[in-house]
Structures are given as structure tokens and as C-alpha cells.
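Trainee: need coordinates for the below:
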Amino acid sequence: GIIRTALPNMDREAKEEYHVVIQAKDMGGHMGGLSGTTKVTITLTDVNDNPPKFPQSVYQMSVSEAAVPGEEVGRVKAKDPDIGENGLVAYSIIDGDGMDMFEITTDYETQEGVVKLKKTLDYETKKSYSLKVEAANVHIDPKFISNGPFKDTVTVKIAVEDADEPPVFLKPSYIFEVQENAASGTVVGKVHAKDPDAANSAIRYSIDRHTDLERYFIINAEDGNIKTIKALDREEMAWHNISVFAVEVHKQHQEAKVPVAIKVIDVNDNAPKFAAAYEAFVCENARSNQQFITISADDKDDSANGPRFIFSLPPEIIHNPNFTLRDNRDNTASVLVRREGFSRQKQDLYLLPIVISDGGVPPLSSTNTLTIRVCGCDSGGSLLSCNAEAYVLNAGLSTGALIAILACIVILLVIVVLFVTLKRQKKEPLIVFEEEDVRENIITYDDEGGGEEDTEAFDIATLQNPDGINGFMPRKDIKPEYQYLPRPGLRPAPNSVDVDDFINTRIQEADNDPTAPPYDSIQIYGYEGRGSVAGSLSSLESATTDSDLDYDYLQNWGPRFKKLADLYGSKDTFDDDS
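Mentor: Have a look, this model is predicted:
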């Protein structure tokens with residue numbers, strides 16, 4: 001059995017499936033034959049016979065002027081009842097005043113057209129845009145091309161929303177010029193920014209001080225005029241790169257920044273100088289007009305105010321008898337010998353002033369001094385010696401003789417040093433050095449076990465300063481037994497006297513003075529040695545023991561030792577009495 005369509009132009013979009021009951025009979029369909037039925041489902045396959053259609057004729061969208069390029073603005077969708085690849089739709093912008101500002105892409109998963117921002121918008125420049133968007137089938141069946149066109153268009157209107165924008169400078173960057181050494185307050189240039197918003201707020205300007213650490217410039221906060229506040233030096237810094245801020249007065253968080261380059265124009269304010277610290281050498285046997293050095297110059301100014309350099313001698317020595325100068329006209333000059341027969345003995349050093357002028361307007365010049373030394377040279381012109389002293393020594397003394405003289409001087413110095421050192425060592429016992437200078441009093445205890453300090457004893461400081469001694473000082477602790485006539489005081493010891501002579505003088509004075517009482521007193525040592533684990537340290541204890549010592553010589557020591565002689569002489573008396 002063959003199933004055929006009964007109607008033309010069947011529409012899948014209207015009805016996709018049909019259910020048919022088929023009956024089969026035998027006996028040719030005559031009466032008495034047997035029959036059977038079956039159910040057949042017929043599904044219509046899709047063909048691209050329907051174009052895409054937008055559900056509305058106009059789409060309304062909006063976007064902020066602060067939106068960045070690439071940001072999505074909105075979506076449109078055309079409906080196509082076909083399925084599969086027959087229903088694929090592609091979107092494009094075919095007309096409108098926003099073709100340069102917007103673009104559209106196709107999202108094949110949702111079959112939508114995505115409108116995106118292509119360029120930055122400006123609400124103050126244009127507040128709305130209109131686009132004509134077309135949706136077309138990707139795959140078109142040629143059998144049904146007569147049913148076309150398989151596309152549709154729609155109008156998309158996009159409104160630009162105002163946003164709070166920062167100030168905008170009229171230029172992306174600024175370049176100004178100013179002459180060096182310009183007076184303080186000179187106007188360099190002017191920057192200008194405006195508020196792009198409808199409010200048109202006032203703008204205030206300032207310089208980013210991180211870009212102008214030396215504070216060469218200042219800007220008027222209201223009109224944007226940039227001025228100098230100190231002199232500029234092109235040789236120190238030829239370009240100044242600063243940044244200027246523009247801030248809205250009422251919205252200080254809205255600011256803009258622009259780079260400003262300031263070129264310092266050169267003026268001729270530096271005179272040319274020698275390019276190096278030249279020191280020339282001329283041979284004693286130099287020939288006349290012989291060149292011995294070539295010099296050049298350097299100028300810190302720009303090339304317009306520098307070369308070409310002109311070299312010359314000062315007018316007062318233009319006819320120098322020794323040297324002459326030749327300008328090579330290539331910013332160099334040569335110095336030549338004017339005469340022959342230089343002598344180091346007569347003059348070994350010459351100073352030649354040279355005037356160098358630059359090509360600036362007006363030109364500047366400076367006088368530079370070239371030092372020229374006269375040297376001894378061999379026949380080939382090679383330097384041998386460049387000082388007059390060496391020349392004189394070669395004529396009279398050889399190198400060996402000079403070394404011998406120096407050696408003798410050194411030996412003499414060593415001998416003198418040794419002599420002085422030995423002389424000081426011999427006098428060392430008579431000198432109290434600083435570290436040995438105790439500068440204390442000699443304390444005498446007349447009572448064993450500690451007694452009253454005798455503050456009238458000798459003072460080391462006094463002994464070291466004989467000049468401070470003025471004659472004999474009488475005793476104050478003992479009243480003399482009888483009066484004696486005053487003696488004339490001794491003359492002060494001269495500065496050259498030493499301690500030994502001073503002490504000997506005092507001893508001699510005491511020995512020859514019969515009126516002086518003894519400088520000691522009778523002490524009792526009956527408890528000598530008791531209470532001490534060390535025992536007695538005094539030799540006086542031997543007076544109670546048998547001893548063969550004879551103390552009669554104490555009688556000959558004078559009145560100062562009379563008490564001691566009587567004390568030790570009592571032993572014999574005691575023995576006789578017993």
C-alpha cells in the first residue's frame with residue numbers, strides 16, 4: 001500500500017504529526033474476505049520555508065556615558081518557527097547614526113542579537129542614537145527562495161544617560177618653551193580644562209609636586225597659567241616634565257591629570273673653556289715654528305651658542321717672543337715655538353694666556369692659561385727631565401753622592417736621639433714621674449698602734465717644688481728649752497737644685513743647730529707584740545734580752561738622739577744596780 005498526501009502545501013508549523021489507520025482486506029476486498037488494520041504515524045520534516053520575524057518594530061535601550069567599550073547595552077530577538085539549522089538567525093546593523101558607536105553579535109545558544117558599546121559615549125555631545133538591525137536566516141533552501149526574503153529588520157533606539165564625569169583637558173598633553181635665566185614670574189603657558197557635565201562646575205588647577213620637587217613652577221589655580229618661580233638653567237636641566245591636576249570645585253573627587261613638558265631654551269651664558277687641563281712640554285732644543293701641542297675648547301651652551309670657537313692671544317702679548325698661536329678653524333688651535341734656545345736654568349716654566357670666543361650672539365670669551373714646562377730632550381725629541389733642580393744636580397753631584405749625604409744626615413740624627421735618651425735615663429732616679437707622684441704627706445705615728453697624724457711632716461709636693469721653700473721653718477709642736485737668736489733664712493733653692501741636694505741641706509742645718517729640740521719623744525712599748533698573731537715586729541724587745549749590741553755610739557749622734565741614747569744606755573745602769 002502506498003500512502004500519498006491528499007493536500008498540497010502541508011505545514012509542519014501548523015501540524016507536525018498525522019495518525020492514519022490502514023486496513024488490509026483479502027479476496028480483493030469482496031464480501032466474505034478477511035481484513036486487518038494498523039495505525040501509522042506520519043511526521044512532517046521541517047524545511048526553511050519561514051523567514052525570521054521580530055515581535056516588535058522598535059526596541060528601546062539606554063546606556064550610561066561612563067560605560068566602557070565592550071559593555072553590553074541590550075538584546076534583540078527575531079522568531080523563526082523553523083527548527084534546527086533552518087531556524088538559525090544572524091544579526092547585523094545595516095543603518096543608523098550609531099553604527100560607529102555600537103556593534104551587534106549573535107548569541108547562537110539563545111538566538112539573540114547582543115548590542116554592545118563600541119566607543120566611549122559623551123552625553124553632552126550626543127544624547128541618543130538610532131540603529132537599524134537586521135535578522136536573516138543563515139541557511140536558505142533554494143526551493144523556497146520564492147517565499148523570501150528570509151530576513152527582517154527592526155529599529156533600536158539607544159538613549160545616553162548623563163554621568164558625573166571628571167574634568168576634561170582640551171589637549172591630551174601640553175608642550176611649552178621658556179628661556180633660561182627668565183625672570184621669576186615669567187608665564188610659561190596655560191592649560192585649560194572644563195567640566196563635561198551639564199552642571200559645568202568651576203575648575204581649580206594644581207601642580208603635582210612629585211613631578212616638580214625643586215618647585216621651579218607655580219600655576220594659577222583659577223585660570224591655569226603656569227609661571228616660573230626661580231631661574232632656570234638649561235645646562236642643569238633642559239626639559240622639565242610636570243603634571244597638572246584639574247579638580248571640580250564642588251566635587252573634588254572628580255579630577256583629571258595632564259602631562260606638561262617645558263623646554264628650556266638656551267641663551268649664551270657660558271664662555272668656552274679648555275676641553276681639558278692642558279700642560280705642555282717644550283724641549284730646550286726645540287726649533288723655531290715647531291708645534292708642540294694642540295688644544296680644543298668646550299662650551300656648556302647649546303650648539304647654536306657654542307662652536308665655532310676662535311682662539312687668539314691677548315692683545316697685550318700678541319707679539320709674545322717665546323710662543324705663538326695658530327687657529328686651525330676646526331675648533332682647535334696649535335701652539336708653536338717662536339724662537340730657539342730655551343734653558344731650564346734661566347726659566348723652566350712659562351704661562352701662556354689664550355683667549356677663546358664662542359659663536360653665540362653676543363659672543364662670550366674667556367682667558368685660559370696654558371702651562372708650558374721646559375724639558376730636557378734627546379736628539380729624537382723624547383723627554384728626559386722637566387725640572388731645573390735635576391739639571392743642577394747632574395752638573396755637580398751624582399746620584400751616589402746624594403745618597404751618601406742623606407745617609408750621613410740620618411746617622412747623625414740617630415746619634416743625637418740616642419744621646420738624649422741615655423741622658424734622660426741617668427736622671428731617672430732623681431725624677432718622680434707622674435705615675436709615681438703620690439703627692440701625699442709622710443705620716444708619723446709616735447704611739448704604737450696608731451696615733452695622731454703629724455701634719456707638719458714633709459710634703460712631697462713641697463719637695464718637688466724647691467722654689468716654694470723659704471728658709472727654715474721652726475717646730476710648732478715642741479716648745480724650745482731656751483731662746484735662741486734668729487738666724488737669717490736660707491736662700492731659696494734655685495730651679496736647678498734636685499731633691500737630693502735639698503734633703504742634704506736640711507740635714508746639715510739640723511745637725512748644726514744646737515738649739516733645736518729632739519724631734520721625737522719617749523714612747524712606751526710595754527705592750528709590743530700582744531694581741532697580734534704575727535708577734536712583735538720591733539727590735540726594741542731585744543733590750544730585755546741578753547744582747548751583745550753596743551748602743552754607745554748613739555751618744556755621738558747629737559742632741560736629737562739624746563732620748564734614744566738615754567733609753568738604750570739604761571740597760572747597763574740597770575745591770576750595775578742589780
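Trainee: domains in the protein, as residue ranges please.
Mentor: Per automatic domain parsing, the domain ranges recorded for the chain read 58-161, 168-265, 273-386.
Trainee: strands of the stretch 151-300 of the chain, start to end?
Mentor: Ranges of strands in the stretch 151-300 of the chain, per DSSP state E, counting those that start in this stretch, are 151-161, 168-169, 174-179, 187-190, 193-194, 203-207, 217-219, 225-228, 239-248, 255-265, 273-274, 279-283, 291-298.
Trainee: show the backbone phi and psi for Asp501.
Mentor: Note on Asp501: backbone dihedrals following degrees, to the nearest 10 are phi -60, psi -40.
Trainee: in the protein, which spans are helices?
Mentor: 388-396, 399-426, 460-464, 499-511, 562-577 (DSSP state H).
Trainee: may I see the buried residues of stretch 125-141?
Mentor: 129, 131, 133-137, 140 (16 or more other Cβ atoms under 10 Å). For the C-beta atoms, the positions are set from N, CA and C on the backbone; glycine is no exception.
Trainee: kindly report the same for stretch 166-183.
Mentor: Buried residues in stretch 166-183, counting neighbours by 16+ other Cβ under 10 Å, are found at 166-169, 174, 176, 178, 180, 182.
Trainee: what do you get for stretch 241-254?
Mentor: Neighbour-count burial for stretch 241-254 flags 242, 244-248, 251, 254 (criterion: 16+ other Cβ under 10 Å).
Trainee: helices or strands up against the longest strand along the chain?
Mentor: Longest strand in the chain, counting residues (DSSP state E): strand 365-377. For strand 365-377, the elements it packs on are strand 273-274, strand 279-283, strand 349-357, strand 383-385, judged by 3 or more Cβ pairs under 8 Å, 6 or more residues apart in numbering; DSSP states H and E.
Trainee: least confident of those, on average?
Mentor: Among these, strand 383-385 carries the lowest mean pLDDT, a mean of 77.
Trainee: list the contacts of that one.
Mentor: Contact with strand 383-385 is made by 281, 283, 375-378, 391, as judged by Cβ atoms under 8 Å, 6 or more residues apart in numbering.
Trainee: so which of the residues you listed sits lowest on pLDDT?
Mentor: Tyr391 (43).
Trainee: nearest residue to the middle of this structure?
Mentor: For the chain, Leu213 is the residue whose C-alpha lies nearest the centre (Cα atoms, centre = their mean; 15.3 Å).
Trainee: from Ala163, how far out is that one?
Mentor: According to Cβ to Cβ, to the nearest Å, Leu213 and Ala163 sit 36 Å apart.
Trainee: okay, the buried residues of stretch 125-141 in a markdown table with pLDDT and distance to Lys39 next?
Mentor: Below are those laid out as a markdown table (pLDDT from 0 to 100; distance: Cβ to Cβ, whole Å):
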| residue | pLDDT | distance to Lys39 |
| --- | --- | --- |
| Tyr129 | 96 | 59 |
| Leu131 | 95 | 53 |
| Val133 | 95 | 48 |
| Glu134 | 94 | 46 |
| Ala135 | 93 | 41 |
| Ala136 | 91 | 41 |
| Asn137 | 88 | 36 |
| Ile140 | 78 | 37 |
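Trainee: farthest pair in the residues you listed?
Mentor: Greatest spatial distance among the buried residues of stretch 125-141 (Cβ to Cβ): Tyr129 and Ile140, at 30.9 Å.
Trainee: please tell me I have it right and Glu16 contacts Met10.
Mentor: No. Here Glu16 does not reach Met10: they are 10.0 Å apart, not a contact under Cβ atoms under 8 Å.
Trainee: identify the contacts common to these two.
Mentor: By Cβ under 8 Å, 6+ apart, the residues touching both Glu16 and Met10 are Leu44.
Trainee: what's the end-to-end length of stretch 269-276?
Mentor: Stretch 269-276 has an end-to-end distance of 20 Å (Cα to Cα, to the nearest Å).
Trainee: count of residues packed around Ser366?
Mentor: Using other Cβ atoms under 10 Å, Ser366 has 16 neighbouring residues.
Trainee: now do the phi/psi pair for Arg234.
Mentor: Phi and psi for Arg234, reported as degrees, to the nearest 10, are phi -60, psi -30.
Trainee: whoops, Ala202 was the one
Mentor: Main-chain torsions, Ala202, degrees, to the nearest 10: phi -70, psi 150.
Trainee: run a quick neighbour tally on it.
Mentor: 13.
Trainee: find the nearest non-adjacent residue to it, please.
Mentor: Closest residue in space to Ala202, ignoring its immediate chain neighbours: Val249 at 4.3 Å, by Cβ to Cβ, 6 or more residues apart in numbering.
Trainee: low-confidence stretches in this structure?
Mentor: Residue ranges of the chain with pLDDT under 70: 11, 29, 45-46, 387-398, 426-498, 514-550, 569-578.
Trainee: number of residues surrounding Asp511?
Mentor: As a burial measure, Asp511 scores 13 neighbours (other Cβ under 10 Å).
Trainee: for it, what are its contacts?
Mentor: Neighbour list for Asp511: Gly558 [criterion: Cβ under 8 Å, 6+ apart].
Trainee: look up how far Trp557 lies from it.
Mentor: The gap separating Asp511 from Trp557 is 9 Å, by Cβ to Cβ.
Trainee: go on, Gly376?
Mentor: Applying Cβ to Cβ, one obtains 88 Å for the distance of Gly376 from Trp557.
Trainee: and for Val138?
Mentor: Per Cβ to Cβ, Val138 is found 151 Å from Trp557.
Trainee: wait, Ile203 touches Phe245, no?
Mentor: No. Checked against Cβ under 8 Å, the pair Ile203 and Phe245 is beyond contact range at 9.9 Å.
Trainee: and stretch 273-289, end to end?
Mentor: Start to finish, the residues bounding stretch 273-289 are 25 Å apart (Cα to Cα).
Trainee: for stretch 250-270, same thing?
Mentor: With Cα to Cα as the measure, the ends of stretch 250-270 fall 50 Å from one another.
Trainee: next, the buried residues of stretch 358-369.
Mentor: Here stretch 358-369 shows 358-360, 364, 366, 368 as buried, counting by 16+ other Cβ under 10 Å.
Trainee: with stretch 264-272 instead?
Mentor: Buried residues in stretch 264-272 (16+ other Cβ under 10 Å): 264, 266-268, 270-272.
Trainee: what is the most widely separated pair among the residues you listed?
Mentor: For these, the maximum inter-member distance is 20.2 Å, found between Val264 and Pro272 (Cβ to Cβ).
Trainee: just to revisit the earlier point, I'd like the buried residues of stretch 241-254 as a markdown table, with distance to Phe102 appended.
Mentor: Below are the buried residues of stretch 241-254 laid out as a markdown table (distance: Cβ to Cβ, whole Å):
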| residue | distance to Phe102 |
| --- | --- |
| Ile242 | 39 |
| Val244 | 34 |
| Phe245 | 33 |
| Ala246 | 30 |
| Val247 | 33 |
| Glu248 | 30 |
| Lys251 | 29 |
| Gln254 | 27 |
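Trainee: show me which pair in those is furthest apart.
Mentor: By the measure Cβ to Cβ, Ile242 and Lys251 form the most distant pair in the buried residues of stretch 241-254, at 24.1 Å.
Trainee: quick check: closest non-adjacent residue to Phe274.
Mentor: Sequence neighbours aside, Asn368 is the residue nearest to Phe274 in space, at 4.9 Å (criterion: Cβ to Cβ, 6+ apart).
Trainee: show me the beta-bridge partners of that neighbour.
Mentor: Counting by DSSP bridges, Asn368 is bridged to Ile354.
Trainee: same check on the one 4 residues further on?
Mentor: On DSSP bridges, the residues paired with Ile372 through beta bridges are Ala280, Tyr350.
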